[in-house]
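Novice: Here is the input, now give the coordinates:
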Amino acid sequence: SQTILNIAADYPKASMVVTIGKASYRQHKPLASFTALDLMDFRFEDVKRLVHNWYDAAHDLHAEEKRIDLIKRLDANPRLQTLAANPLLLTLIVIAYEDQLDLPERRAELYRICIETLLTKWDARREVRRQEFNPEQKHQLLKVIAWHFHRKRQRYFTEHDLLEVIAEFLPSISLPAERNKDILQEIESEQGVLQEQATGWHGFLHLTLQEYFAAEYINDHQEYAELLRHRADPWWEEVLLLYVGITPDASLFLQELCSQNSTVREDIFYTNTLLAGRCLTARPTVRETGLQAQIIERLFGLLMSTQYLSLIHISEPT
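Specialist: Residues are numbered from 1 along each chain as shown. Sure thing, here's the model as predicted:
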């Protein structure tokens, strides 16, 4: 901070903008004569402006074509728009698009790319090598944190509770529990996946990241019974759909939803069948031959047998 103040003093007529995470800023003395501002979420007009500026500065022969295509993809996907409202996550989405000139059809795959960039690629670009707490260990910890607090239905959590979870995890990777504060500071100041949202309260950069890490934990530890218990609960909806997109084979989970002998019985609202249909929209890998066709057939049967069919308009193909 003193270096910044020295530069400002040497060049008093120069306009200077300094950006830093909230948690890191609070650990340093305020910059005298600077005005502190919090960055608000982007409106969609702001999203389009950032994408425009990104490609305007790219000096790419196909920049205009890429800009139009990416904005069109974001405009057609409301869930991605909620992520893009965060400037950091929007930057990750643009980087993911640049790698393939496309966005993955599975949301889970897009989130995986964004998290991989946050945890590993940025360190590599800055030639940062972490000896004690490497990206894979950090990834495992974030899964544990997400699973712990999502089960408690907490979007935000106290620093005390968060440090307890970290302290419990650290011995499993041969680090002393007493390092929990150092580890938390590193995650929040370097990667920004976790952030101090208010004094003494922390949370993931976006709820979607918490949901994604929780889905990864479920896949790693085969905890999908928890999803079955909460299959009609909106709090678990995105975790469930992300899990289906992550798991190497969603057959067992879908069979549990659709089987007559399942431990989770169908209700009068056909919750299980409709949810199985929603799971197919996540483009899961289903190795059980014919299972997807069975689900679609059952959904069509429900559609044709409902007493409210007269209220449903089905357009004829042109």
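
Novice: in stretch 224-241, what's buried?
Specialist: Under the neighbour-count criterion of 16 or more other C-beta atoms under 10 Å, stretch 224-241 has 224, 226, 227, 228, 231, 236, 237, 238, 239, 240, 241 buried. C-beta: built from backbone N, CA, C; applies to glycine.

Novice: now stretch 194-202
Specialist: Across stretch 194-202, burial judged by 16+ other C-beta under 10 Å covers 194, 195, 196, 197, 202.

Novice: wait, what's in contact with residue 257?
Specialist: Residue 257 makes contact with 228, 231, 264, 272, 273, 275, 276, 279, according to C-beta atoms under 8 Å, 6 or more residues apart in numbering.

Novice: most surrounded residue in those residues?
Specialist: Of all the contacts of residue 257, the most densely surrounded is residue 276 (26 neighbours; neighbours counted as other C-beta atoms under 10 Å).

Novice: Any chance you could list what contacts the host helix or strand of residue 73?
Specialist: Element membership of residue 73 [criterion: DSSP states H and E] is helix 63-75. Residues outside helix 63-75 that contact it (C-beta under 8 Å, 6+ apart) are 44, 47-48, 51-52, 54-56, 60, 80-81, 84, 93-94, 97-98, 101, 103.

Novice: residue ranges with poor pLDDT in the stretch 201-318 of the chain?
Specialist: Scanning the stretch 201-318 of the chain with the threshold set as pLDDT under 70 gives 261-262, 307-318.

Novice: what do you get if the cut-off is 80, keeping everything else the same?
Specialist: 260-263, 306-318 (pLDDT under 80).

Novice: What is the neighbour count of residue 12?
Specialist: Using other C-beta under 10 Å, residue 12 is surrounded by 7 other residues.

Novice: Surely residue 253 is in contact with residue 245?
Specialist: No - using C-beta atoms under 8 Å, residue 253 makes no contact with residue 245, being 11.6 Å away.

Novice: what are the ranges of the strands in the stretch 151-300 of the chain?
Specialist: Assigned by DSSP state E, counting those that start in this stretch, the stretch 151-300 of the chain shows strands spanning 157-158, 194-198, 201-204.

Novice: counting contacts, what elements does the first one pack onto?
Specialist: Here strand 157-158 touches strand 201-204, going by 3 or more C-beta pairs under 8 Å, 6 or more residues apart in numbering; DSSP states H and E.

Novice: Which elements pack onto the strand it packs on?
Specialist: If you count contacts as 3+ C-beta pairs under 8 Å, 6+ apart, strand 201-204 packs onto strand 157-158, helix 159-169, strand 194-198, helix 207-221.

Novice: okay, the second one in PDB with CA atoms only?
Specialist: Listed next in PDB are the C-alpha coordinates belonging to helix 159-169 (Å, rounded to 0.1, in the frame of the first residue of the first chain):
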ATOM      1  CA  GLU A 159     -15.900 -17.200  10.500                       C
ATOM      2  CA  HIS A 160     -15.900 -19.300  13.700                       C
ATOM      3  CA  ASP A 161     -17.900 -22.100  12.100                       C
ATOM      4  CA  LEU A 162     -15.800 -21.900   8.900                       C
ATOM      5  CA  LEU A 163     -12.500 -22.100  10.700                       C
ATOM      6  CA  GLU A 164     -13.800 -25.200  12.600                       C
ATOM      7  CA  VAL A 165     -14.500 -27.000   9.300                       C
ATOM      8  CA  ILE A 166     -11.100 -26.100   8.000                       C
ATOM      9  CA  ALA A 167      -9.300 -27.200  11.200                       C
ATOM     10  CA  GLU A 168     -11.100 -30.500  11.100                       C
ATOM     11  CA  PHE A 169     -10.000 -31.100   7.400                       C
END
